[in-house]
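Novice: I'll drop the sequence and a predicted model, then ask my questions.
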Amino acid sequence: MSEDLASPHGSLMLSLKQNSSKKRNSSDFLNDIDVPVKRMKIYGQNLEIIKKDDPRCHKIMDQVETNGYVLTYSQGNKAHPDWKESVSGQNPTIINIVSMSQGRRHVVCLSDEGSVLTFGSNNEGALGREVSEYGVTVPGFVHLPAPAIQVTAGDTHSCALLKDGRVYCWGSFQDSHGLLGLITGKQEISPVNLEPGKRFTQIMSGADHIILLDNTGTMFTLGCAEQGQLGRLPEKKTGRNSSRGKNSLLVPTPVQIKMKKNSLIKKIWAGRESSYAEDIHGNVFVFGNNYYGQLGLRKGGRIFWPQVVNTLSGYKWAKITPPQRHNIHFAEKREVYILGKNMHTVLGLGTVKEDATEVVHVPTIRGTKCMDVAVGTAQSIAVTKTGKMYTWGTDSDKEFKTGKKNEVLKPQLISSELVKDFEFLLVSELHDKDSDFCKILLS
């Protein structure tokens, strides 16, 4: 690949499939089987099957290269791994990636076989595996006791929800004082069971907090609480030096939400410093950073307890992507909505300069069925059901490859030579501290 896509601030991950009639090679990912014949070791004329618990098997698994594409693009500054070198010099290919999540400087991918792969910076142990350097551009496997069904990433932590409901995490949280630790108060360089004996159905990561939903419809939180993102502590108790100490922050604890009788939480989402929950009746509850009105509440500042948001309720959201200043959402009908501060034209409302204090459609793509949405520091992105990608916002250096310059007021199709033979499947945004303008929603 000779061309690199870039975004003006932060970075994003794209998952694509190639438009080709050639049959793609099958996957050799390993979970509950021994190493296949393709990866047998040869000693003289004899073939040796390497068992999955053999240390040599782990080394082989960490070197797997397969087909399919996960594409990265960013500003390319020193705050991020050198994606440009890895994309230009070799094909960063992984077959059958079904989900991915991006931290501040690392990426976590999930295969259709339940394997978890990571690459990027290993700051605070965010990769969950041993690497010889500070960061790596070649994906490697994270060794877990069972297949995973969901992965998430924060600034310097990662999580995997296993098929049996267990949650394993690695890395560390941080707060305004620095390293906060993870579970035990220290960083974890390999996966640890978050809550032994407990079974969960969904997980989400903010920059430095985790939200979990168990099989009873109860929401749990842990991590940094300084912006109210845990939704269960008063302002005076949100710091590590409070009378409750770190333990009240790092132990998964239920969030008390006032709901209708017999109601349960159905879905959860996490922003950089905010949390969202939707109950079975379509009511949406929020807490955390609301300085820019991005939570949909009139009251600004920090929200420490769950509050219902009327403008977000009743849609039955498929996804909410909430950084700090704007959000992009889509509901079950797969239409895209926007909410929040209109900095850098990230709302896609054309010449309209006002902020969106109520949820509104993105006019240009109204009626277009979308499969995924994401936001960056100064841009918003939507992937359509047909594999096209729209983007809008600030494009000072023509990073979007739309043929437009500077501010892109309305959604425009990506038109890069690099991706002309591909269909877009997924896009993942960065929980960057400078990317918190609004939210984008998919209905």
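Specialist: The structure has been received and is ready for your questions.
Novice: test my guess that A331 contacts G314.
Specialist: No. Judged on C-beta atoms under 8 Å, A331 makes no contact with G314 at a distance of 9.4 Å. For every residue, glycine as well, the C-beta is placed using N, CA and C.
Novice: higher neighbour count, those two?
Specialist: A331 (20 against 13; other C-beta atoms under 10 Å).
Novice: can you pull the pLDDT of that one?
Specialist: pLDDT recorded at A331 is 70.
Novice: beta partners for it?
Specialist: Beta bridges link A331 to W317, judged by DSSP bridges.
Novice: and it, how far from W392?
Specialist: 20 Å (C-beta to C-beta, to the nearest Å).
Novice: now T118. Nearest residue, chain neighbours left out?
Specialist: In this structure, T118 finds its nearest non-sequential neighbour in L127, 4.3 Å apart by C-beta to C-beta, 6 or more residues apart in numbering.
Novice: residue contacts, the one you found?
Specialist: By C-beta atoms under 8 Å, 6 or more residues apart in numbering, L127 lies in contact with H106, T118, F119, G120, S121, V136, G140, V142, S158, W170.
Novice: count the residues that sit near the first one.
Specialist: I take that to be H106. Neighbours around H106, by other C-beta under 10 Å: 28.
Novice: so the nearest residue to it once chain neighbours are set aside bridges to which residues?
Specialist: Counting by C-beta to C-beta, 6+ apart, H106 lies nearest to G120, which is 3.3 Å off, once chain neighbours are set aside. Under DSSP bridges, the beta-bridge partners of G120 are H106, V136.
Novice: residues near R166, how many?
Specialist: 20.
Novice: per-residue pLDDT, the residue lying closest to it once chain neighbours are set aside?
Specialist: Nearest residue to R166, sequence neighbours excluded (C-beta to C-beta, 6+ apart): N193, at 6.0 Å. Per-residue confidence (pLDDT) for N193: 97.
Novice: got a list of what N193 touches?
Specialist: R166, V167, Y168.
Novice: apply 10 Å and report the result again.
Specialist: Residues in contact with N193 (C-beta atoms under 10 Å, 6 or more residues apart in numbering) are P145, L162, R166, V167, Y168, C169, I183.
Novice: same check on F220?
Specialist: Counting by C-beta under 10 Å, 6+ apart, F220 makes contact with 167, 194-195, 198, 200, 203, 210-214, 230, 232, 251-255, 268.
Novice: for the nearest residue to G103 once chain neighbours are set aside, report the pLDDT, please.
Specialist: Spatial nearest neighbour of G103, excluding adjacent residues (C-beta to C-beta, 6+ apart): A153 at 3.7 Å. Reported pLDDT at A153 in the predicted model: 95.
Novice: low-confidence ranges, the stretch 201-350 of the chain, go.
Specialist: Scanning the stretch 201-350 of the chain for pLDDT under 70 picks out 322-330, 332.
Novice: tell me where it has helices.
Specialist: Using DSSP state H, counting those that start in this stretch, the helices of the stretch 201-350 of the chain run over 247-250.
Novice: how about the secondary structure of the residue nearest to T118?
Specialist: coil (DSSP: H, G, I helix; E, B strand; the rest coil).
Novice: run a quick neighbour tally on K369.
Specialist: Neighbours of K369 using other C-beta under 10 Å come to 14.
Novice: same check, this time on the one 10 residues further on
Specialist: Here the neighbour count serves as a burial measure; for Q379 (other C-beta under 10 Å) it reads 27.
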